[in-house]
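Engineer: Pasted the sequence and its predicted model underneath.
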Amino acid sequence: MQKSIRKYFALFALPGLVAFAVAFLIPMVMGIVLSFAKFSTVTDATFTGFDNYRKIFIDKEFITALWFTVRFTVVSVVSINLGAFALAMLLTRSIKGTNIFRTIFFMPNLIGGIVLGWIWQVIINGVLLPKGVTIVSDPKYGFWGLVVLMNWQNIGYMMVIYIAGIQNISHDLIEAAEIDGAGRWTLLKSVIIPSVMPSITICTFLTLTNGFKLFDQNLALTAGDPGKQTEMLALNIFNTFYGRTGFEGVGQAKAVLFTIIVAAIALTQLRLTRSKEVEA
Amino acid sequence: MKKHMLIALLIVLMTMGSVVFAAGSQEATPAKEVYFLNFKPEIADVYETKIAPAFEAETGIKLKVVTAASGTYAQTLKSEIAKSNPPVIFQTNGPVGLKDSMSYTADLKNTKFYSILSDKSMALTDGDKVLAVPYAVEGYGIIYNDAIMKKYFALPSKAVSISSADEITNFATLKAVVEDMTKHKTELGIKGVFASTSLAAGNQWRWQTHLVDVPLYYEMKDKGIPMGTKMATFDFTYSDNMKNIWDLYLQNSTTAVGLLGSKSVDDSMAEFALGQAAMVQNGNWGASQILGVKGNTVSDADIKFMPIYTGISGEENAGLCIGTENYLCINSNASAEQQAMADQFLSWLFASDTGKQFVKNDLMFITPFNSFKDSELPSDPLAKEVIRWMNKDGVSSVPWAFSIIPSEEWKNKFGAALAQYSNNQLSWTEVKNVAVDAWKTEYALTN
């Protein structure tokens, strides 16, 4: 058996490998190659070296977008995880109706980003109407609008992950802690949080990368207005690639840089939170 | 062991086979089809529901029309052109836009479509190659509702001495009339004199391209720079004139200044059609948007044009801004047969009797083709007004100077600055600096 698995390994792995290569590897390699070229369609590229990377910094757009994205991500990672964890704690108590509430909190996650963006744009514009302004009047409205939107969309999802983590803690452990005289705070700090560390790792990873990669919601809510002040990295890359004549390569270079930044941050985060995980 | 091998092989073959068949079925799309990537969302319906069926009925060729959403033509074209079934007919907005599509634009010199162009110098060329042919001459200015204007001039308490909108020939008069109308807006039954100054994303072209044309044209005239060439620096010498009209638009609008960021061009045109506003800056292409609005209260005879006045000396003799930003190109990467069918479609549309009826009645283009007789010019009120202004004695049209703008990015930056000015985030001096600086960087990047 072992032998035949080894023998046919290549054959059975082939469909998966082909799909992976076609859908991921080849485009990725092409993308990196194209970031060093000038092109208008992907087939007419001419090599230009690091020119595209130099052009990223001819204006402050990329840096502004990066800074906006970082601020947004920090705020939303903290608020989403705190909110989700708090809800999970509430909804794992034995209260009647928790299942209904879990479902309700999860539901916003089923709506697509563009639709959510439009819905929230209407809501926020309605709220701002008495002040005689709109969401694109001032970048701070766009910023907080995005934070509210992402919280609303993601808290339910992260909550489900935290609930799974909390339910996995063995009752013996909690009982033992209580017998040892742990109060609610100590219980939370010394038993529950260390035990759900794997969930925390997943949730921070998801919220962090979601924050960096955010596109639909940004496009639908403000489209980067006013004056690109609420434009996030992904949208900036899209606008550079599609919106500026002759800037396809620069957009591509930005995308490569973006991948490196996101990968570096995500890997650091994984290492940091993983090291805190404990064996229960 | 052999058996397993066989089964495994079979599975692999089947999966590969299905890939082949899937691709095969795609190849089998109707052979006689022309793909036209349309630029104008406001007339997309006409192409889809009227022209395409009629063309197919007469020639058996299917016309596939895809319309790019407002303000996204360049990016739609870019992604469509890279597909396996790319558009055969596409649009370009002038020399700057053409530069981007140069590598896949066919030579139209020997096409029937080019042969019917009356003034051959209007086509865009590269050496002796003809790359793009204009299909519509357009004009824009301030569209006004004469019924409301007459109502205003009949008011006993009006503060101006003139008695008809025809007598407005400069900015000072316009400003006096508009500001006095705002004071009387309840009596006139309007929400504001000007329809909303649309500043939503993708809806700023009426300002960052069309309105700025006026100061741009006079600056180029002063500097002696011919249309359609290049200009390395933009000094915005007439920036105060632009501010004049811009402030007038913002302060006498149907919508509070702070809320303009959510308004689209459609909103503005609807406000005008419903009689909530007396004036709106737009071009004759907007006719269908006025006439087609449900509950439209403006009668055809009351839809009139006046030039955009900004207070530049000599503007009494200036007419509407007239030119074209609509050129059609054929994709050189399409098969010879498809290119021929594209020519067949275009010459059918602009030279056959059936086609011309659509152009005249539904598309409402003022065309530059010799296949149209005078009696076949469009009959909608705005097109008539454009023709009237073009032929008016002692008045010369303001050409579309904006094709000299170095890039779309400049327009976006300038549009954003205008929006920020309206939200008090930027002063006018800063807006001016954005325009001047962005021109410099964009010119350096594109030349």
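Structural biologist: Received, thanks.
Engineer: Contacts only, for residue 108.
Structural biologist: Picked chain A for this. Counting by Cβ atoms under 8 Å, 6 or more residues apart in numbering or on different chains, A:Pro108 touches A:116, A:152-153, A:156. Quick note: C-beta positions are derived from backbone N, CA and C, even for glycine.
Engineer: could you do chain B instead?
Structural biologist: B:Leu108 sits in contact with B:114, B:123, B:130-133, B:329-330, B:343, where contact means Cβ under 8 Å, 6+ apart.
Engineer: Give the closest residue to B:Ile61 in space, chain neighbours not counted.
Structural biologist: For B:Ile61, ignoring the flanking residues on the chain, the nearest one in space by Cβ to Cβ, 6 or more residues apart in numbering or on different chains is B:Lys32 at 4.8 Å.
Engineer: the domain parsing of chain A - what is it?
Structural biologist: A:2-51, A:57-274 (automatic domain parsing).
Engineer: B:Ser397: which of the contacts of B:Leu108 is nearest?
Structural biologist: B:Ala123 (19.9 Å; Cβ to Cβ).
Engineer: pretty sure B:Leu131 contacts B:Tyr104?
Structural biologist: No: counting by Cβ atoms under 8 Å, B:Leu131 stays clear of B:Tyr104, with 10.5 Å between them.
Engineer: Which of the two has more residues huddled nearby?
Structural biologist: B:Leu131 (23 against 20; other Cβ atoms under 10 Å in any protein chain shown).
Engineer: Doesn't B:Lys436 belong to a strand?
Structural biologist: For residue B:436 the amino acid is Val, not Lys. No: counting by DSSP: H, G, I helix; E, B strand; the rest coil, B:Val436 is not found in a strand; it is helix.
Engineer: before we move on, back to that, cross the contacts of B:Leu108 against strands and list the overlap.
Structural biologist: Cross-referencing the contacts of B:Leu108 against strands under DSSP state E gives B:130-133, B:329-330.
Engineer: Let's have those residues in CSV, adding pLDDT and distance to B:Val160.
Structural biologist: Shown next, in CSV, are the ones in strands among the contacts of B:Leu108 (pLDDT from 0 to 100; distance: Cβ to Cβ, whole Å):
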residue, pLDDT, distance to B:Val160
B:Val130, 91, 51
B:Leu131, 92, 50
B:Ala132, 92, 46
B:Val133, 92, 46
B:Cys329, 94, 48
B:Ile330, 95, 53
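Engineer: Near chain A, list only the ones from these.
Structural biologist: Applying Cβ under 8 Å from any Cβ of the partner chain to the ones in strands among the contacts of B:Leu108, one finds that nothing falls near chain A.
Engineer: For chain A, state which of those residues is nearest.
Structural biologist: B:Cys329 (14.1 Å; Cβ to the nearest Cβ).
Engineer: Pretty sure that closest one sits against B:Asn93.
Structural biologist: No: if you go by Cβ under 8 Å, B:Cys329 and B:Asn93 don't touch, sitting 10.9 Å apart.
Engineer: The residue nearest to B:Phe90 when sequence neighbours are not counted: neighbour count?
Structural biologist: Excluding the flanking residues, the one nearest B:Phe90 by Cβ to Cβ, 6+ apart is B:Leu37, at 4.6 Å. B:Leu37 sits with 21 neighbouring residues when counted by other Cβ under 10 Å.
Engineer: Which of the domains of chain A has the highest mean neighbour count?
Structural biologist: domain A:57-274 (a mean of 18; mean count of other Cβ atoms under 10 Å in any protein chain shown).
Engineer: what does the average pLDDT come to for it?
Structural biologist: Per-residue pLDDT over domain A:57-274 has a mean of 91.
Engineer: first vs last residue of it, how far apart are they?
Structural biologist: End-to-end distance of domain A:57-274 (Cα to Cα, to the nearest Å): 35 Å.
Engineer: With stretch A:88-99 instead?
Structural biologist: Start-to-end, stretch A:88-99 (Cα to Cα) is 11 Å.
Engineer: and it, how far out from the chain's middle?
Structural biologist: Counting by Cα atoms, centre = their mean, to the nearest Å, stretch A:88-99 is centred 27 Å from the centre of its parent chain.
Engineer: Repeat that for stretch B:72-92.
Structural biologist: From the chain centre to the centre of stretch B:72-92 is a distance of 18 Å (Cα atoms, centre = their mean).
Engineer: ditto for stretch A:128-145
Structural biologist: Relative to the centre of its chain, stretch A:128-145 is centred 24 Å away, using Cα atoms, centre = their mean.
Engineer: Dump it to CSV, restricted to CA.
Structural biologist: Backbone C-alpha positions of stretch A:128-145 (Å, rounded to 0.1, in the frame of the first residue of the first chain) are rendered in CSV as follows:
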residue,chain,number,x,y,z
LEU,A,128,-24.6,63.4,8.9
LEU,A,129,-27.5,65.2,7.0
PRO,A,130,-28.5,67.5,9.9
LYS,A,131,-24.9,68.7,10.0
GLY,A,132,-25.1,69.5,6.3
VAL,A,133,-22.2,67.3,5.3
THR,A,134,-21.6,63.9,3.7
ILE,A,135,-19.2,61.1,4.4
VAL,A,136,-16.8,62.5,1.8
SER,A,137,-16.7,66.0,3.3
ASP,A,138,-14.0,65.1,5.7
PRO,A,139,-11.6,62.1,5.8
LYS,A,140,-12.4,61.4,9.4
TYR,A,141,-16.0,60.5,8.6
GLY,A,142,-14.7,58.0,6.0
PHE,A,143,-12.2,56.6,8.5
TRP,A,144,-14.7,56.0,11.3
GLY,A,145,-17.3,54.9,8.8
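Engineer: For stretch B:175-191, buried residues please.
Structural biologist: Neighbour counts over stretch B:175-191 (16 or more other Cβ atoms under 10 Å in any protein chain shown) mark B:175-178, B:180-182, B:184-185, B:188, B:190-191 as buried.
Engineer: Tell me where the stretch 101-250 of chain A has helices.
Structural biologist: Applying DSSP state H, counting those that start in this stretch to the stretch 101-250 of chain A gives helices spanning A:113-128, A:139-168, A:171-179, A:184-186, A:193-195, A:197-213, A:216-221, A:233-243, A:248-274.
Engineer: Tell me which of those sits nearest to chain B.
Structural biologist: Closest approach to chain B among the helices of the stretch 101-250 of chain A (Cβ to the nearest Cβ): helix A:233-243, 3.3 Å.
Engineer: Now do the closest one: everything it contacts.
Structural biologist: Applying Cβ under 8 Å, 6+ apart, the external contacts of helix A:233-243 come out as A:61-62, A:65-66, A:69, A:212-215, A:218-219, A:223-224, A:228, A:231, A:247-248, A:250-252, A:254-255, A:258, B:72, B:74-75, B:78-79, B:408-409, B:412.
Engineer: quick one: contacts for the closest residue to B:Pro226 other than its chain neighbours?
Structural biologist: Leaving out its chain neighbours, the residue that sits closest to B:Pro226 by Cβ to Cβ, 6+ apart is B:Met220, at 7.9 Å. In this structure, B:Met220 makes contact with B:226-227, B:231, B:401, B:404, judged by Cβ under 8 Å, 6+ apart.
Engineer: repeat that for 7 Å
Structural biologist: With contact set as Cβ atoms under 7 Å, 6 or more residues apart in numbering or on different chains, B:Met220 has these partners: B:231, B:401, B:404.
Engineer: out of these, who's nearest chain A?
Structural biologist: B:Ile404 (14.8 Å).
Engineer: Near that closest one, how many other residues are there?
Structural biologist: 23.
Engineer: So it sits against B:Met231, correct?
Structural biologist: Yes: the criterion here is Cβ atoms under 7 Å, and B:Ile404 meets it with B:Met231 at 5.3 Å.
Engineer: can you give me the strands for the stretch 101-250 of chain B?
Structural biologist: Secondary structure of the stretch 101-250 of chain B, counting by DSSP state E, counting those that start in this stretch: strands at B:124-126, B:129-134, B:138-145, B:192-194.
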